[in-house]
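> Attaching a predicted model along with its sequence, questions to come.
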Amino acid sequence: MNKGYDQIFGGYLLVLLDLNIGSFDVLHDSVGYGIICLGLLKLYQHTGIKAFDYARMIGIIEVIMAIIASFFPQVALQDMTMTSYGLLMIGSMIAIAFVYLIYSGGLAHIKMYSMEALAETLGRGRTSYGLGMISLLVAQSFLLNATSDFRSGIIIGSVAVGIVLQVIFMVHINSLRKAEFNEILED
Amino acid sequence: MTKSTRIMIIAAMLVFVSAFVNVLYAQSMKLDEPLIMAHYDDLLWDEGRELDLQIHYITNRDDDRRMVSLDFESLSSSEIMVEQSQDSSFTFSFQGNQVYNDQVGRYFTKKTGYIHLRLGEADIVRLKEEGSIKVTRANVGYSDGSFAVVNLGEIRLLSQSLQEELVRTDHRGRGMPEFTASFKLEEAIEITSLDLGFVASHPDLLDFQMMVDSKKIYSLKELQSIETPIKAKVSIELIYTIISDDLSSYWIAGRVHPEIFYTSSQGPDSFRSVFNRSYGQLDEKSVESYVKLWRKDNE
């Protein structure tokens, strides 16, 4: 059972890490999202929690988007155009929904086993992640009209807060990996 | 639906509304066509020499068009070459693209074209006969094959050197940019009127004073309606003070070109005070303020 969370953890790590040879990312994001989807499928099959299934569907979109994105040059946030801005907004919303649903699935899962302390931690994590990332996105929505100085501030702030929230998410997934519910279900 | 999910949906809607409003605002800032920055200049022509000038133009940030050709309407037989402004600090780029010395802002990019003008026979004859040729409009060709007839400002080609000596200083005092132009006089004159052009139409942006013989100072209001001719024996100094702090002295100096009408022992005459041939470095704020002012004056 915990293997599903192992795959989410490993897959997400692949998404976060980049190992570029030339301009090609050896640890391609699509592979990471693919592994997460496998983990989500496993969890959905074992628990029947809908959030895992929704997350898996969004994960498939992420796989496709990651493959398409690899055919286009990366645009730095400071060189934002109308098109890259639109893609950033939509892509970010999808990414937030993806993680939020994984949080929701994990939360529903541990509630099934009455792990109150972990449920509380995950609940807080989900809210922090959701509101934190949405706040970043609201700030990023001003990138098109932001002056150079303000734009730099938004970018630095987004990167810093984004990394923190993603690391916290990894920590929470790690907690789920270590939770002791797999044996109960497999029995 | 849980409370948390409802909050997330509301937050997501907030993102979309914010993004939508931002897109609408950014769209409203777009220029329909590249904007050529008005240029006032006097170019002295010498036999066999090219005339060089810089044309600065503003495009939308995502508009990668470049000026590739230019024909002055009032010149019939001249060869004009447009050279791109390239960044000398980069000798290559990974994409193999040219690296231009553009100034990129949030909405606009300011680009520069270096114009090399070689006068043809017919224009040389005309210039010698008339003493000067005014160039105000040009047909500009862009890299995508499009053309546009544009107002350039006013560039005067002069066949002989100007009699007046122009001295320009540009300094900052108390955080407010000021610039001056001084003229030494060979003989006494009586100033009868001034055509202040840009200065008179934008008193909210620019204050203007004239100091005569390093003593008497005349205000913009006094200069706009001279009742008794102003006597000047030694020197005239034009003093500009930029009132608005979001305007760059570089480009505003390129817009001021007052013409001063006078009478001397040789009869009535006039001279024009033209400042720099380059706008220098224009920051994002200055480029935007230029576009804003252009819109106010033209739309």
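Nice, I can see it.

> so where do the helices sit in chain B?
Ranges of helices in chain B, per DSSP state H, are B:3-28, B:121-130, B:198-201, B:220-224, B:249-255, B:284-298.

> can you tell me which residues contact the residue in the stretch 101-250 of chain B that chain A sits nearest to?
Residue nearest to chain A within the stretch 101-250 of chain B: B:Arg106 (6.1 Å; Cβ to the nearest Cβ). In short, each C-beta sits where N, CA and C put it, glycine included. Residues near B:Arg106 by Cβ atoms under 8 Å, 6 or more residues apart in numbering or on different chains: A:Leu144, A:Asn145, A:Ala146, A:Thr147, A:Ser148, A:Arg151, B:Arg61, B:Glu284.

> what about the third one, how many neighbours?
The number of residues packed around A:Ala146, counting by other Cβ atoms under 10 Å in any protein chain shown, is 20.

> does it really touch A:Ile155, like I thought?
No: at 9.4 Å, A:Ala146 does not count as touching A:Ile155 under the criterion of Cβ atoms under 8 Å.

> how about the residues of chain B that lie near chain A?
Counting by Cβ under 8 Å from any Cβ of the partner chain, the residues of chain B close to chain A are B:4-5, B:7-8, B:11-12, B:14-16, B:18-19, B:22-23, B:25-27, B:29, B:61-62, B:104-106, B:284-285.

> filter those residues to the buried ones?
B:4, B:8, B:11-12, B:15, B:18-19, B:22-23, B:26, B:29, B:61, B:104-106, B:284 (16 or more other Cβ atoms under 10 Å in any protein chain shown).

> And those, which is closest to A:Ser175?
Set against A:Ser175, the nearest of those by Cβ to Cβ is B:Ser4 (18.9 Å).

> pLDDT score for the closest one?
Turning to B:Ser4, the model gives it a pLDDT of 71.

> residue contacts, it?
Listed by Cβ under 8 Å, 6+ apart, the contact set of B:Ser4 reads A:Gly123, A:Arg126, A:Thr127, A:Gly130.

> Now do the helix or strand containing the last one: which elements does it pack against?
In other words, A:Gly130. Using DSSP states H and E, A:Gly130 sits within helix A:116-140. Contact here means 3 or more Cβ pairs under 8 Å, 6 or more residues apart in numbering or on different chains; DSSP states H and E; on that basis helix A:116-140 packs against helix A:82-112, helix A:148-178, helix B:3-28.

> circling back: what's the least confident stretch among the helices of chain B?
Ranked by mean pLDDT, these bottom out at helix B:249-255, with a mean of 67.

> count of neighbours near the nearest residue to B:Met81 once chain neighbours are set aside?
Nearest residue to B:Met81, sequence neighbours excluded (Cβ to Cβ, 6 or more residues apart in numbering or on different chains): B:His116, at 4.5 Å. Residues lying near B:His116 (other Cβ under 10 Å) number 13.

> Make sure B:His116 is actually in contact with B:Leu70.
No: using Cβ under 8 Å, B:His116 is not in contact with B:Leu70; the gap is 10.3 Å.

> Give me the common contacts of those two.
Common neighbours of B:His116 and B:Leu70 (Cβ under 8 Å, 6+ apart) are B:Ile80, B:Val82.

> Check the offset of stretch B:101-114 from the chain's centre.
14 Å (Cα atoms, centre = their mean, to the nearest Å).

> First-to-last residue distance for that stretch?
Distance between the two ends of stretch B:101-114: 12 Å, counting by Cα to Cα, to the nearest Å.

> Now do the buried residues in that stretch.
Using 16+ other Cβ under 10 Å as the test for burial, stretch B:101-114 gives B:Asp102, B:Gln103, B:Val104, B:Gly105, B:Arg106, B:Tyr107, B:Phe108, B:Thr109, B:Lys110, B:Lys111, B:Thr112, B:Gly113.

> Inside strands: which ones of those?
Among these, DSSP state E puts B:Gln103, B:Val104, B:Phe108, B:Thr109, B:Lys110, B:Lys111, B:Thr112, B:Gly113 in strands.

> With distance to B:Leu194 added, can I get the residues you listed in JSON lines?
Formatted as JSON lines, these follow (distance: Cβ to Cβ, whole Å):
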{"residue": "B:Gln103", "distance to B:Leu194": "34"}
{"residue": "B:Val104", "distance to B:Leu194": "39"}
{"residue": "B:Phe108", "distance to B:Leu194": "33"}
{"residue": "B:Thr109", "distance to B:Leu194": "36"}
{"residue": "B:Lys110", "distance to B:Leu194": "31"}
{"residue": "B:Lys111", "distance to B:Leu194": "34"}
{"residue": "B:Thr112", "distance to B:Leu194": "31"}
{"residue": "B:Gly113", "distance to B:Leu194": "32"}
